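> Using only what follows, build the 3D model:
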Amino acid sequence: MRTPRGDARQGLVLETGAAHVRIAVSGAHELHILPNAIARTRAGARRQVLVGDLIESECLDYGGLQLRLPVDRGLVVDWQAQKAVWDRAIVRALGCNTDTFGALRGITVIVTEPYFLLPEQQRAFDMLLFDWYEAEAIWRTTPAQLVPYAIEPQPDALIVVDVGHSYTHAVPVVNGAALWNAAQRLDLGGRVLTHLLKVMFSYRQWNMMDETYLIDKMKAASCFVAARSEHLAYKRGDEPSGPPSSWSFEQFVEHFQYVRLSDVSRHPDNAMVQQYVLPDYATPDDAADPRTKYGYVLSGPPPPTQSPLPDDELDAFIAGPSCPPPRSQTGDQMLRLGQERYQLFEYLFSPDRIGLDQAPLHELVAQSIQRAPPDAQALLWSHVVLVGGSARVPGLRQRLERELRMLAPDDVPVHVYMPGDPLEAPARGALALLHAPPTSAMAQSLEARLVTREAWRKRGAGALTPGERGGTALGDERFGGWNAVDGPSLE
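Just a heads-up that it's a prediction; the model follows:
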């Protein structure tokens, strides 16, 4: 699958996720990615309050970082904070001044909302974009509805598996329309996994419960997914054979029973263990150097060089030789990552291990496909598209494809794709729509979805009367969301 290209069209993409905001202007290839948070550093002489991308570029101390998150469990719970992050994103993308009132005047905006967002929150999205930013027209949509436009050639049917920060969703999309009656959700995402990793470290090594931001970075640098849950030809007590990328979860468990982290010095051949140096912000170089400001791998396999990680680099990431560290000095605090590297993302395939009575990821996808129209199911099995920030973890695509192969009909091919960086895929799809030639089918599809500011006002704008939808009712008719009027059904 390739990323499409086309002629430029005026507009702006504003993809709002629980962890990040992605923003881009039509005509520009650059996509800006900002943390969707306001951060406050620890009390002291260097105390800072930082918004969006300033957290990444100007923070001097990530230790004990306090985060104010606008989105929680798929809902915007702090509109003041969300507007502050949007303001910063718009200033970054458009190069305008910090007064963002009317900043989107004359601009068409494609903005994403969380899946199954409450109608009251949908109305708030529309009011903020039309009344404050004065956007010319908007399409308020979901990431799954944009992903097909990031793929060329665009398939007639695909299922989007969005492994996000708050939840994991499986949404079939047939002929450009999301089948909301077939959509499925797993109440497990990157946020819960980060918290579980904090608990693992705090129980086994250092207390890391206040280090959410650093642990999230460590998760991205170290964790991977085992190739399968069990290995049918493997007998307990056998030493695992073959490349590590083919090992099952059971084989990793057996391996680490013999090579314990406390004895790593006596097992130099255990190439899977990483020694991760925690940053020391008393040293100015740690905060200033991008290689060390979140900590770094002192020994063991190096972090991924790109996302998604190519298949031929997976073995090196799991158990490859160490790269020279940025620096090393006595007295550094270190965490040892062994079992944690493969255990964490296994919860996606075994949520019952943490008391979550829901279907695992592969069964979730299968259930969603089975609820789709029968004539589309074969296409859905062969066009599974993996997106979302947590989908970046090495090995997830290969594992999901293997698990789905065992659930799919024997005569149906199963393929799981990643359209470039899975974190950027929806925003890239929105850009493709804005770049489409005016006479193309993609451009006409966008025109049919847009609601202009004038039409929104004529229909009653944000009508604050309880139970009234005002101009947002027009969006219900056009946007193709879960509460769309006369939307696609399974009948």
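> Might you calculate how far the host helix or strand of Glu454 sits from the centre of the chain?
Element membership for Glu454, per DSSP states H and E: helix 453-458. Here helix 453-458 shows a centroid-to-chain-centroid distance of 33 Å under the convention Cα atoms, centre = their mean, to the nearest Å.
> What's the first helix or strand after that helix?
Scanning forward in sequence from helix 453-458 by DSSP H and E, the next helix or strand is helix 472-478.
> list the helices and strands that following helix packs on?
Secondary structure elements in contact with helix 472-478, counted by 3 or more Cβ pairs under 8 Å, 6 or more residues apart in numbering; DSSP states H and E, are helix 119-127, strand 137-141, strand 451-452, helix 453-458. Any C-beta I mention is one placed from the backbone N, CA and C, and that applies to glycine too.
> deepest of the ones you listed, which one?
Counting by mean count of other Cβ atoms under 10 Å, strand 137-141 has the highest mean neighbour count of those, with a mean of 24.
> Could you pull up the mean pLDDT of the helix or strand just after that strand?
Going down the chain from strand 137-141, the next helix or strand is helix 143-146, by DSSP H and E. The predicted model assigns helix 143-146 a mean pLDDT of 96.
> Packing partners of the helix or strand that helix 143-146 is followed by?
Beyond helix 143-146 in the direction of the C-terminus, DSSP H and E gives the next helix or strand as strand 157-163. Here strand 157-163 touches helix 143-146, strand 168-174, helix 361-370, helix 374-382, strand 384-387, going by 3+ Cβ pairs under 8 Å, 6+ apart.
> Mind checking these for the one nearest to Phe125?
Phe125 sits nearest to helix 143-146 of all these, at 14.5 Å, using Cβ to Cβ.
> other SSEs contacting that closest one?
In this structure, helix 143-146 packs against strand 108-112, strand 157-163, strand 168-174, helix 425-435, with contacts taken as 3+ Cβ pairs under 8 Å, 6+ apart.
> just how off-centre is it within its chain?
For helix 143-146, the distance between its averaged C-alpha position and the chain's averaged C-alpha position is 13 Å (Cα atoms, centre = their mean).
> Residues contacting that helix, please?
Defining contact as Cβ atoms under 8 Å, 6 or more residues apart in numbering, one finds that helix 143-146 is touched by 15, 17, 110, 112, 115, 160, 162, 169, 171, 173, 176, 178, 387-388, 425-427, 429-430, 433, 480.
> Please put the alpha-carbon coordinates of that helix into CSV.
This file holds the C-alpha atoms of helix 143-146, laid out as CSV (Å, rounded to 0.1, in the frame of the first residue of the first chain):
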residue,chain,number,x,y,z
PRO,A,143,-9.7,8.6,12.6
ALA,A,144,-11.1,5.4,11.1
GLN,A,145,-13.1,7.4,8.5
LEU,A,146,-9.9,9.1,7.3
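> tell me, how many neighbours does the closest residue to Gln205 other than its chain neighbours end up with?
Nearest in space to Gln205, with sequence neighbours left out and distances taken as Cβ to Cβ, 6 or more residues apart in numbering, is Leu335 at 5.6 Å. When counting by other Cβ atoms under 10 Å, one arrives at 21 neighbours for Leu335.
> got a list of what Leu335 touches?
Phe201, Gln205, Trp206, Met208, Met218, Gln275, Tyr276, Leu278.
> Any of these buried? List them.
Of the members of the contacts of Leu335, the ones counted as buried by neighbours, 16 or more other Cβ atoms under 10 Å, are Phe201, Met208, Met218, Gln275, Tyr276, Leu278.
> Among those residues, give me the pair with the biggest separation.
Using Cβ to Cβ, these reach their maximum pairwise distance at Met208 and Gln275, which is 15.4 Å.
> and the contacts of helix 143-146, which are buried?
Burial by neighbour count, judged by 16+ other Cβ under 10 Å, picks out 15, 17, 110, 112, 115, 160, 162, 169, 171, 173, 176, 178, 387-388, 425-427, 429-430, 433, 480 from those.
> quick one: contacts for the spatially most central residue of the chain?
The residue lying closest to the centre of the chain (Cα atoms, centre = their mean) is Gly389, at 2.1 Å. Listed by Cβ under 8 Å, 6+ apart, the contact set of Gly389 reads Gly17, Ala19, His20, Val163, Gly164, His165, Gly190, Pro422, Leu423.
> again with Arg191
With Cβ under 8 Å, 6+ apart as the criterion, the residues that contact Arg191 are Ala18, Ala19, His165, Ser166.
> tell me the two of those residues that are most distant?
When those are compared pair by pair using Cβ to Cβ, the farthest-apart members prove to be Ala19 and Ser166, with a separation of 8.5 Å.
> Per the annotation, how does the protein divide into domains?
Domain assignment of the chain by automatic domain parsing yields the ranges 12-143+424-478, 157-189+356-417, 190-347.
> Out of those domains, which one sits most buried?
The highest mean neighbour count among the domains of the chain belongs to domain 157-189+356-417 (a mean of 20), with neighbours defined as mean count of other Cβ under 10 Å.
> How far does that domain sit from its chain's centre?
The offset between the C-alpha centroid of domain 157-189+356-417 and the centroid of the whole chain comes to 15 Å, using Cα atoms, centre = their mean.
> average pLDDT for that domain?
Domain 157-189+356-417 shows a mean pLDDT of 95 in the predicted model.
> Please apply the same query to stretch 275-290.
The average pLDDT for stretch 275-290 rounds to 79.
> Please state the offset of that stretch from the chain centre?
26 Å.
> With stretch 70-79 instead?
16 Å.
> What's the end-to-end length of it?
The first and last residues of stretch 70-79 sit 7 Å apart, counting by Cα to Cα, to the nearest Å.
> Show me the contact partners of that stretch.
Stretch 70-79 is contacted by residues 16-18, 36-37, 68-69, 81-82, 85, 114-118, 121, 124, 128, 165-167 when judged by Cβ under 8 Å, 6+ apart.
> Same check on stretch 277-294?
In this structure, residues lying in contact with stretch 277-294 by Cβ under 8 Å, 6+ apart are 59-63, 206, 214, 217-218, 221, 295-298, 325-328, 332-335.
> one more time with 7 Å
60-63, 214, 217, 295-296, 298, 326-327, 332-335 (Cβ atoms under 7 Å, 6 or more residues apart in numbering).
> after the helix or strand hosting Phe317 comes which helix or strand?
For Phe317, the host element (DSSP H and E) is helix 314-319. Toward the C-terminus, helix 314-319 is succeeded by strand 334-337 as the next helix or strand (DSSP H and E).
> That next one pairs with which strands?
In the sheet, strand 334-337 lines up against strand 274-277 (antiparallel) (DSSP bridges).
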